[in-house]
Structures are given as C-alpha cells and as structure tokens.
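S.K.: The following comprises the amino acid sequence and a computationally predicted model.
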Amino acid sequence: MRIGIVCYPTFGGSGVLATELGKALADKGHSVHFITYREPVRLGGFNANICYHEVRVPTYPLFDYPPYESALASTLVDVTLNDNLDLLHVHYAIPHASAAYMAQKILEKNQGRKIPFITTLHGTDITLVGKDQTYGPVVAFSINESDAITAVSDNLREETLKTFPINKPIQVIHNFVDVKRFQRKPFDAFRKVIAPGGEKILLHASNFRKIKRVEDVIRIFAEVRRALPAKLLMVGDGPERHMAESLCRETGFCDDIRFVGKQEQMEDILAISDLFVLPSEYESFGLSALEAMAAGVPVISTDVGGLPEIILQGETGFMGRVGDVEAMSRHAIQILQDDTLYKQMSAQAKAQARKFDIHNIVPQYEALYQQFIGNR
Ligand code: GMT
C-alpha cells in the first residue's frame, strides 16, 4: 500500500505514535510518505520505503498568520498525485482532517479520483482544543467527512461522541509500543551519574503543559524524598517548566531533581528509572506510561481518561484521583520500599504492555486501510 501520513513532527504522543506506525508499515513493505512541516523526531535513519515531504509555509507581509492548512492541503494534493498514494492517514484532527478533506475535494474535482482519508483522534484535538468554539464546527465537520475515524482509547471515543454530533462509527485502535525496543539493558554507568548513592530514580516525561500537573510530580517526589533517598528526572519542556523549577526550589530538594529537557532516547532513560509519574488532569491514553510499562517501570498516575485501560490498579502501578498527591506519594513510597512488590509490579507491567505490542496493533490499521484500498 502507498500511505500518506500527516502528523505533528514533535515529541507529543500523537506524532510519536504516527511516526512509529509509519516506520512499522515501511518495515512490512508498504510505501510510507510523511507529510508535515518538519522531519518527525522519531523518524531516525534512512529507510528505502519512507519519504518525508516538507510542507513549506511561505511568509508574506500580509500574513500575520501564514495559512498552514492551505499549504498542507496543497502538499497533500501534490504528493497524492506524484507518489500515487492509495490513502491518507491523518493524526490529530486539527487542522489535519480539514486539510485532508480539502485535498480530497480538489483531487475529486480535478482528477475524478477520490483519495480516502482516515482521521485518528488523539486526545486534546477533542477534549481541549477541538472543543473550543473557535475550532469546533470545522473539527466536527472534517471528522464526519473522514472515510474512517479511529480513537486511541474507549474513553476518547466516548468523549468524542459526547462532544460532537458524530454520524459514523469510531473504531478504537489503542496506541502501541515496540516492546522489544524498551527491554531493559544494563546501564550502570548512566545510573551512577544520576544516582551515585544508589538512590531510587523517579521519572516524569511530558510537554509540561497545565494538563500534565507537573506541580504534582514535584510534590509527589518531595514526599517520596522525605521517606527515602531518591532522585527525580524531569524529561521534556513546555510552558510549566519555569513554575516547576521554582517549586522544586521551595521543596528544598532541588539537588535531587534534574530537568533534562527534550530527549529522544526514552528507552535509555527508562532503563535506569524505577518509577514513572504521570499525575495528569486528563490523558486520552498515556503513551509515555505504556512505554514505561514496556520497560518494566511501574506507573503512578491519575485514574483519568484512557489510563485505566492500560494501567492495572495495584498490579502494574497505582492510579489516584486528580490532585490526590497524598495517595499517589503513599503508594509510590510503598512500591519503592518493598522489593518483592516492586519486582512483581515490574513483571506485571511488562506483561500488560505486551498486550499493546506493535505486532498486535499495527495489523488493525492495515486491515482498516485494506477496506478502502480494496475498493479502488
Ligand atoms: O499529551 C499531550 O499533550 C500530547 C498529545 C498529542 O496529541 O501529541 O497526546 C495525546 O495523544 C497521545 C497519543 O495518542 C496520548 O497518549 C496522550 O494521552 C494524549 N494526551 C492527552 O490526552 C492530554
């Protein structure tokens, strides 16, 4: 199959998922074309079945806001024609679904050919940004015009149906992880640099937006640190980083907290981590938590959105109420202090992650594509 993938090329979960999907499809012999404004961060080295097409957005003095959506739609038309694409798969509805709709209409009118497009909903495109009246009508329209709609969790499917009048089925295809890639390797030298005294290592990774409640990460860590020797690694960057850095000074544990910025090799960082902390206000899925579990790292999180679809309460970690720092800290301490419990949870986390292994999920997308390509 010849598939065009549209995504955000950033560290966000939707871009990571789209990139990993494209790479997996290419490994299976499909021809994959990434169409976005920058090379996706997880794309990695050369693959003969992958092409990256950059969407150029020329500036012009008239434009206070260069029209990315039009530039994307035009690039989709161009790539579909020149590379004879069978299908477009857009990740994150805004503005990708409406750009794909526009490209579809242009091709239909000019070439008499309908390129099917599939929209995968990832989370904030529905629950935060999409809901906003500024975008709502366009989001609802372009989702409904998609030839197929998928959501990354049952919860996101329900949220979408609550938010928009959707007139076609939404298929749930859960996010996935390449379990093999996240198998722990002995990384003692790296671990010694971060925790020279053998301290436990807690990890948080996100885009540091409000929805992630990074202040709760710092508060949970402070409680853990009062109970046992520990270090905290904060991976990622975003609007709440400054606040989090000030808060860590207030806790008095600044020397034990490292902000390491955006990192690509999550598997290396997870290999030295003992506990992953994700106390978000909402997660449609929580791909970072799944990656942690694949590495055998138990997760302390909130019980929101799609997280209960991947985390098994008391078996692969603990989920508390949003803002319940006390309960999340108490369970974190318990897990870290009890070696037998820790080993059990770590093994169960790996076993649970295997259910979401790339080899189980990617065929679901291929089967969906086949439904449309078969009709051409
Ligand atoms: O978490 C973010 O803010 C980034 C966002 C994105 O679109 O890249 O992540 C969303 O999609 C991920 C991949 O499907 C999910 O794992 C995240 O849970 C989801 N984030 C939210 O729902 C807040």
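M.R.: Received the coordinates, thanks. Because the structure is a prediction, the values reported are computed rather than measured.
S.K.: Please, where are all the strands along the stretch 251-376 of the chain?
M.R.: According to DSSP state E, counting those that start in this stretch, the stretch 251-376 of the chain carries its strands in the segments 257-261, 275-278, 299-302, 317-320.
S.K.: With the stretch 1-150 of the chain instead?
M.R.: 2-6, 31-36, 50-54, 87-91, 117-121, 148-151.
S.K.: The third one: which residues count as buried?
M.R.: I take that to be strand 50-54. The neighbour-count check on strand 50-54 (16 or more other C-beta atoms under 10 Å) flags 50, 52-53 as buried. Just so you know, the C-beta spots here come from the backbone N, C-alpha and C atoms, and that holds for glycine as well.
S.K.: Tell me the one among the residues you listed nearest to the ligand.
M.R.: Tyr52 (18.6 Å; C-beta to the nearest ligand atom).
S.K.: ok, what's across the strand from that closest one?
M.R.: Judged by DSSP bridges, the bridge partners of Tyr52 are Phe34.
S.K.: And the pLDDT for it?
M.R.: Looking at Tyr52, its pLDDT is 97.
S.K.: same check, this time on Pro186
M.R.: On the pLDDT scale, Pro186 gets 66.
S.K.: Over to the one 10 residues further on?
M.R.: You'll see Pro196 listed with a pLDDT of 95.
S.K.: Am I right that Leu247 is in contact with Ile218?
M.R.: Yes - contact criterion C-beta atoms under 8 Å: Leu247 and Ile218 qualify, at 4.8 Å.
S.K.: Look up the closest residue to Ser329, ignoring the ones flanking it.
M.R.: Spatially, and ignoring its direct neighbours in sequence, Ser329 is nearest to Glu223 (3.4 Å; C-beta to C-beta, 6 or more residues apart in numbering).
S.K.: Hmm, the one you found is touching Gln334, no?
M.R.: No - if you go by C-beta under 8 Å, Glu223 and Gln334 don't touch, sitting 11.7 Å apart.
S.K.: Those two - which one has more neighbours?
M.R.: Comparing Glu223 with Gln334 by other C-beta atoms under 10 Å, the one with more neighbours is Glu223, at 16 against 13.
S.K.: ok, the more buried one - contacts?
M.R.: 325-326, 329-330, 332-333 (C-beta atoms under 8 Å, 6 or more residues apart in numbering).
S.K.: The stretch 51-200 of the chain against the ligand: which residues are in contact?
M.R.: Taking C-beta under 6 Å from any ligand atom as the contact definition, the stretch 51-200 of the chain meets the ligand at 92, 122-124, 152, 175.
S.K.: Kindly recompute the last result at 5 Å.
M.R.: 122-123, 152 (C-beta under 5 Å from any ligand atom).
S.K.: tell me which of those is nearest to the ligand?
M.R.: Checking those one by one against the ligand (C-beta to the nearest ligand atom), the nearest turns out to be Gly123, at 2.5 Å.
S.K.: Test my guess that that closest one contacts Leu307.
M.R.: No - Gly123 is not in contact with Leu307 according to C-beta under 8 Å; the separation is 11.5 Å.
S.K.: what sits in contact with each of these two?
M.R.: 283, 285.
S.K.: out of the two, which sits in the more crowded spot?
M.R.: Between Gly123 and Leu307, Gly123 has the larger neighbour count (other C-beta under 10 Å), namely 28 against 24.
S.K.: so what's that one closest to, chain neighbours aside?
M.R.: Ser284 (3.1 Å).
S.K.: try Lys114
M.R.: Glu108 (5.2 Å).
S.K.: number of nearby residues for the one you found?
M.R.: Neighbours of Glu108 using other C-beta under 10 Å come to 12.
S.K.: pLDDT score for it?
M.R.: The model's pLDDT for Glu108 equals 96.
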